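In: Dropping a prediction and its sequence here:
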Amino acid sequence: MVQSLVAIPTKEDEHHLAECHRQNQTVDHSLYDPIGHRHAVPQHRYVGARSMAPLILTHYTLVSALGKGLGETYRALRNRRSGLRPCDFEDVGLTTYIGRVGGVEDVFIGGGTKSTELQQFDCRNNRLALLGLQQDGFTQAAIEARERYGAHRVAVILGSSTSGILETEHAYRHRDAATGALPSSYLAAHRYTHNMFSSAHFVRTYLGLRGPAMVISTACSSSAKAFATAARFIEAGFCDAAVVGGVDSLCLTILYGFASLGLMSSGPCRPCDEHRDGLTLGESAGFALLEKAEYAGQPEAVALLGYGESCDGYHMSHPHPDGTGAIGAMQGALLRSGLTSGDIDYIHLHGTATRANDTIEDTAVHSVFGPSTPCSSTKGWTGHTLGAAGVTGAVIAAMCLTRRFVPGTVNTTRIDPSLSSRVLLENREQPVRRVLSNSFGFGGNN
Amino acid sequence: MPVFVNGMVIWGLVLDGWAGSRSVLAAESPSCETATPEPSACLLPPNEQRRSSQSVRWALHVAQEALQQAGADAREVASVFASSDGETGVLDRLCTALAMPQRTISPTLFHHSVHNAASGYWGIATGSHQSSTALACYDSSFCAALLEAFAYAEIEERPVLLVAYDLPPPPPLYAARPLRGGFAAALLFTRAPSPHNLAQLDLELSNDLSGEPTNMDDARLETYRSGNQAARSLPLLAAIAKQQDTLVRLEYLEEQHVVVRFMPC
């Protein structure tokens, strides 16, 4: 899944937004006129796309190993301070690094008039979600949206890959010796903790929202695809606005699982490095309030101009060697945006630091953008936060637009000379008007 | 904007495939308690049939049959897979292994554990590069997928296959989520009028909960409907089987109804 975002404060971009509106209205009235023909980017054989009316991320926030909220995240990126540390999660005995969020253990879910209702959601994943909701005034913004549109008109579309599975991992250590039964306290809480819908259920309960909701779980593309679904729901009239994002927290399943696949580095990950040897796992929660373009007035607001989704149709845990699916997703995002490859100032790579991902993503990026569009991976800062990686990328990309900088790549010492895209090692201060963010997942889901 | 249903296949305890199910759903013949055979999922190569989970096989079986019925090419069709609980059989084995001191898990078990396992195998088996989404919304998973599929067909102007499935979890997890019986259903939606159209439908979300949600007249089917999110598709499937102009009201998250208007083609 690929998102294209644009900063909206400048006159030129306002003009572009208005132009996108007009183009989209034209398409609405001539359904069989393929809009893709207006652009230089060739339409992918399988992945057709039509343009969309831009939507605005009026508020957004992020909690990751870099810190809580946009300010701490920005300072860590600017100062090139990685959030990765030697693995100290529970009693995990793996030689690796992790991007753990400090203080999740101390978050209290409950309080207020809905305390009993909220407490049943208590688990690491929902504590991390709550920590996210509490940053940058996001909760207040969501409540104002609820009051503006009505609780039924605000959707909650989140992404997660493992939800609160940590609770089930713990419960399996305490099975009844005679019957094998799981503890009764776990059984009662299962719906609110491990079940895949849990994070969206918690967020809509906490925010008092009653609109459409779901959790998208397509592994590492989950919270990127949440933006596409939310955009469709707004256009289809199922809602007027959406809380979009994702939450994924550390658990034994992913740590031992990625170790079993041999995809985990023993040190902090080094995206695009010639000696990269695997990914580092992390955790994060990110949220964005997605609204129609008339609400573009917020100071940090950026516009979602397009998205592209595809599948590799190749292998469960290995990307297609030609990058076919990734190419289709990037072209889809450009076509929906009404942009050409030359309009993109920066590409936030999926960049997991596995040998296969970075090589194949480079092939795909080069084939769509050529050798000159700056790109980088921020996984060396945050680790790979799986189902929350999409929203993590979207929020970092949004900050590039509003704070006029481009992150390089940390932990990496020499860019792999076999890569042909323009991967940045050092941060840069420069105006950034349009960015594109990649997220690719298991099952070949892009 | 109307959307057409082109193909529809179901698999569950009393229903196997469309041919056997249509007369039961249309209330032309009563349901009877017979065990449904394991679906073949012959789309998968033999080694993947062996390694894949039961829920992946159920999902892929109905998906493949629905496309065949609709005469559609999987490479042109996007997909939405809806499951409330996902790969519970795999998760049981994974969590059992992680509770042992050595915590050894196989790579195959790990990559089969993801919620989008069926979606991933669908892409691999068909070679489709189209978008595929896997989602969860507890007992409203089918309804959430219906909204996603409807919006996708309408806005992206591309045929989309909806596959809803859930199987009862193995014993320790069953107590946490007692799904009554396995159920899988697949529906193909498209914007294009064609001889394959089974029904035309229009859909709206309603906050008015005064109307009764549509139930099944047959007691056994009603037990099914209320016991598995995927079987909450039954009133909609029955409306297609009956080929009558009708309204179906489905509960969505206890706070809204999805109201679907059917017109036979």
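Out: Great, that's in hand.
In: how close does the nearest residue in space to residue A:412 that is not next to it in sequence sit to residue A:349?
Out: Leaving aside its chain neighbours, residue A:412 sits nearest to residue A:273 (4.2 Å; criterion: C-beta to C-beta, 6 or more residues apart in numbering or on different chains). From N, CA and C alone the C-beta is placed, and that goes for glycine too. Distance of residue A:273 to residue A:349, given as C-beta to C-beta, to the nearest Å: 13 Å.
In: Show me which of those two is the more surrounded one.
Out: residue A:349 (26 against 21; other C-beta atoms under 10 Å in any protein chain shown).
In: Which residues are in contact with that one?
Out: Residues counted as contacts of residue A:349 (C-beta atoms under 8 Å, 6 or more residues apart in numbering or on different chains) are A:271, A:272, A:358, A:361, A:365, A:375, A:376, A:377, A:423, A:438.
In: so how far is residue A:390 from it?
Out: The value you get for residue A:349 to residue A:390, if C-beta to C-beta is used, is 13 Å.
In: For residue A:15, give me the pLDDT.
Out: Per-residue pLDDT puts residue A:15 at 46.
In: Could you do residue A:4 as well?
Out: Residue A:4 is given a pLDDT of 78.
In: So which residues of the stretch 101-250 of chain B form helices?
Out: B:107-112, B:117-126, B:141-155, B:171-174, B:219-227, B:234-242 (DSSP state H, counting those that start in this stretch).
In: Which stretch among these approaches residue B:164 most closely?
Out: Closest to residue B:164 of the helices of the stretch 101-250 of chain B is helix B:141-155 (C-beta to C-beta; 4.4 Å).
In: how much space between residue A:364 and chain B?
Out: Using C-beta to the nearest C-beta, to the nearest Å, one gets 13 Å for the distance from residue A:364 to chain B.
In: pretty sure residue A:350 contacts residue A:440?
Out: Yes: at 4.8 Å, residue A:350 and residue A:440 qualify as touching, with contact defined as C-beta atoms under 8 Å.
In: shared neighbours of the two, anything?
Out: Residues touching both residue A:350 and residue A:440 (C-beta under 8 Å, 6+ apart) are A:220, A:357, A:361.
In: quick one: which of these sit in helices?
Out: Secondary structure assignment (DSSP state H) places A:357, A:361 from these within helices.
In: which parts of the stretch 251-400 of chain A sit against chain B?
Out: Neighbours of chain B within the stretch 251-400 of chain A, by C-beta under 8 Å from any C-beta of the partner chain: A:252-253, A:256-258, A:260-262, A:309-317, A:324-325, A:328.
In: Got a PyMOL select line for the buried ones in those residues?
Out: Burial among those is assessed by 16 or more other C-beta atoms under 10 Å in any protein chain shown; the matching PyMOL selection reads:
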select buried, chain A and resi 252+253+256+257+258+260+261+309+310+311+312+313+314+315+316+317+324+325+328
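In: Just the residues of the stretch 251-400 of chain A next to chain B: which are in strands?
Out: With DSSP state E as the criterion, strands contain none of these.
In: residues contacting residue B:91?
Out: Counting by C-beta under 8 Å, 6+ apart, residue B:91 has contacts A:165, A:168, B:113, B:173.
In: what's the answer for residue A:427, then?
Out: Counting by C-beta under 8 Å, 6+ apart, the residues that residue A:427 touches are A:77, A:78, A:80, A:405, A:406, A:407, A:408.
In: So which of those sit within helices?
Out: Filtering those for helices - DSSP H - leaves A:77, A:78.
In: pLDDT score for the residue of chain B positioned farthest from its centre?
Out: Most distant from the centre of chain B: residue B:101, at 37.9 Å, with distances by C-alpha atoms, centre = their mean. pLDDT, residue B:101: 95.
In: returning to what we had before: including mean pLDDT, distance to residue A:126 and mean neighbour count, could the helices of the stretch 101-250 of chain B go into a markdown table?
Out: Shown next, in a markdown table, are the helices of the stretch 101-250 of chain B (pLDDT from 0 to 100; distance: least, C-beta to C-beta, whole Å; neighbours: other C-beta atoms under 10 Å in any protein chain shown):
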| stretch | mean pLDDT | distance to residue A:126 | mean neighbour count |
| --- | --- | --- | --- |
| helix B:107-112 | 94 | 24 | 20 |
| helix B:117-126 | 95 | 24 | 27 |
| helix B:141-155 | 97 | 19 | 26 |
| helix B:171-174 | 96 | 20 | 18 |
| helix B:219-227 | 91 | 27 | 18 |
| helix B:234-242 | 92 | 32 | 23 |
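In: tell me which of the contacts of residue A:427 is nearest to residue B:60?
Out: Of all the contacts of residue A:427, residue A:407 has the smallest distance to residue B:60: 41.0 Å, by C-beta to C-beta.
In: related to what we said a few turns ago, could you tell me the phi and psi values at the residue farthest from the centre of chain B?
Out: phi -60, psi -40 (degrees, to the nearest 10).
In: Low-confidence stretches in chain A?
Out: A:7-49 (pLDDT under 70).
In: Spatially central residue for it, please.
Out: Note: chain A centre (C-alpha atoms, centre = their mean) maps to residue A:390, 1.6 Å.
In: any chance of the shared contacts of residue A:350 and residue A:440 in CSV, with distance to residue B:237 too?
Out: Below are those laid out as CSV (distance: C-beta to C-beta, whole Å):
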residue, distance to residue B:237
A:220, 34
A:357, 41
A:361, 41
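In: Understood, closing this out.
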